[in-house]
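Student: When you get a sec, could you give me coordinates for this:
(one chain, ligands or ions: 1)
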Amino acid sequence: MESYTWRFLLRSAANQAVNWLFPPQQGTCLLCQRPLHEFQLGAGGDSESLAGMGPAPVGICFFCLQDAAQSAGYARPGVVSVKGRTVRVLPAMPYEGLARSAIRKWKYDGVLGLTDWFSSQVVRACKGDPVLADATCITPVPTTPDRFRKRGYHHVGLLATAVARELQLPLYSCLVRRPQAKEEFTQSQTAKSVTERRKSLAGAFCMRPGADVSDKHVLLVDDVVTTGATVEACSQVLFRAGAAGVTCVAIARVESVREHNHL
Ligand SMILES: [Zn+2]
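Tutor: Sure, this is the predicted structure:
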C-alpha cells in the first residue's frame with residue numbers, strides 16, 4: 001500500500017528546497033510553535049523524558065509534552081463484539097486536549113513529524129499486554145482512495161509502518177477500502193450516529209486480492225476509535241478471511257461514546 005501520493009512528495013521536496021535556500025532561524029514546536037532547544041530539533045544528544053511518556057519526541061516542546069503527560073495513561077481499553085468474537089481495543093490516550101489537537105494537525109494539516117511520537121505512544125499502550133505474544137502481523141485501517149488523493153498521504157499507514165518497526169512485527173496491508181458514495185464523503189464521520197456509522201461502513205472494507213490471514217492474529221492499527229464501527233467492520237472482514245484473532249491498537253479513543261459495544 002502506498003503511503004504518499006506523488007503530488008504530496010513533490011510538494012514536500014519543494015518545501016525542503018525552500019527551507020534549504022532560506023533556512024529558518026530556529027525550530028519551533030510542531031504543536032504550539034514555541035521555539036525549541038537544540039536537542040529537541042533532532043540534532044542528536046540525549047533527550048530528556050517525562051514520567052510515563054517515554055523519550056521526548058523530536059519537534060515537540062516541554063509545554064506540550066507536559067500537557068500530553070497529564071492525559072496519557074487514562075485511556076481505557078474497550079471491547080467490540082463481532083458476531084460472537086471479541087476484539088479488544090487498546091488506545092494510548094483519550095481523544096481530548098493536546099492529543100486531540102495533535103492528531104488533527106497530523107491527520108488534516110500534514111504535520112507528519114508527529115508519526116514517530118504517536119507510534120511510541122501506541123507501543124507504550126500495548127507493551128506488556130498478552131496480545132504481543134500472539135500478534136503475527138500489523139494491518140492499518142485503510143483510507144478511501146478519495147481521502148488519500150485529497151490529503152496526499154495515508155497517515156494511518158505511516159503509523160502502522162512505524163508501529164511495525166518498533167514492535168518488530170511484519171507490516172501486512174491486507175485490507176482495502178472501497179470508494180465512498182458522494183453523500184457519505186461530504187458528511188463527517190463524527191457527526192453520524194452509531195447506527196448511521198455502522199450502516200455506512202457495511203461493505204466498506206474487503207480483503208486485498210491474494211491476501212491471506214488464515215490463522216493469523218492481526219494487530220489492527222487505527223488513529224482514533226470513536227464508536228467502534230470501523231473496528232467492527234474491519235474485524236468482520238478479517239475473521240471471514242480466517243483470521244485467528246484481531247486486536248485493535250489506536251492513538252486515542254473518544255471517551256464519551258459508550259452506547260455501542262462498550263465503546
Ligand atoms: Zn509545544
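
Student: show me what contacts the residue nearest the centre of the chain?
Tutor: Geometric centre of the chain, nearest residue: residue 223, 2.9 Å, by CA atoms, centre = their mean. By CB atoms under 8 Å, 6 or more residues apart in numbering, residue 223 lies in contact with 103, 107, 141, 155-156, 159, 250-252. C-betas here are computed from N, CA, C, even on glycine.

Student: Next step: those residues restricted to helices.
Tutor: Judged by DSSP state H, helices contain the following of the contacts of residue 223: 103, 107, 155-156, 159.

Student: what would the contacts of residue 223 look like in CSV with distance to residue 195, neighbour count and pLDDT?
Tutor: Output for these, formatted as CSV (distance: CB to CB, whole Å; neighbours: other CB atoms under 10 Å; pLDDT from 0 to 100):
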residue, distance to residue 195, neighbour count, pLDDT
103, 25, 20, 93
107, 25, 19, 93
141, 20, 23, 97
155, 27, 25, 96
156, 24, 21, 97
159, 28, 28, 97
250, 22, 29, 96
251, 25, 29, 95
252, 23, 27, 93
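
Student: which one among the ones in helices among the contacts of residue 223 gets closest to the ion?
Tutor: Of all the ones in helices among the contacts of residue 223, the one with the least separation from the ion (CB to the ion) is residue 103, at 14.8 Å.

Student: Confirm that the residue nearest to the centre of the chain sits in a strand.
Tutor: Yes: with DSSP: H, G, I helix; E, B strand; the rest coil as the criterion, residue 223 is located in a strand.

Student: Could you check the pLDDT of it?
Tutor: We have a pLDDT of 96 for residue 223.

Student: Kindly report the same for the one 4 residues further on.
Tutor: At residue 227, the model reports a pLDDT of 88.

Student: Please name the nearest non-neighbouring residue to it.
Tutor: Spatially, and ignoring its direct neighbours in sequence, residue 227 is nearest to residue 194 (4.6 Å; CB to CB, 6 or more residues apart in numbering).

Student: List phi and psi for that neighbour.
Tutor: Here is the backbone geometry of residue 194 (degrees, to the nearest 10): phi -60, psi -50.

Student: ok, residue 77 touching residue 88?
Tutor: Yes: taking contacts as CB atoms under 8 Å, residue 77 lies within contact range of residue 88: 6.1 Å.
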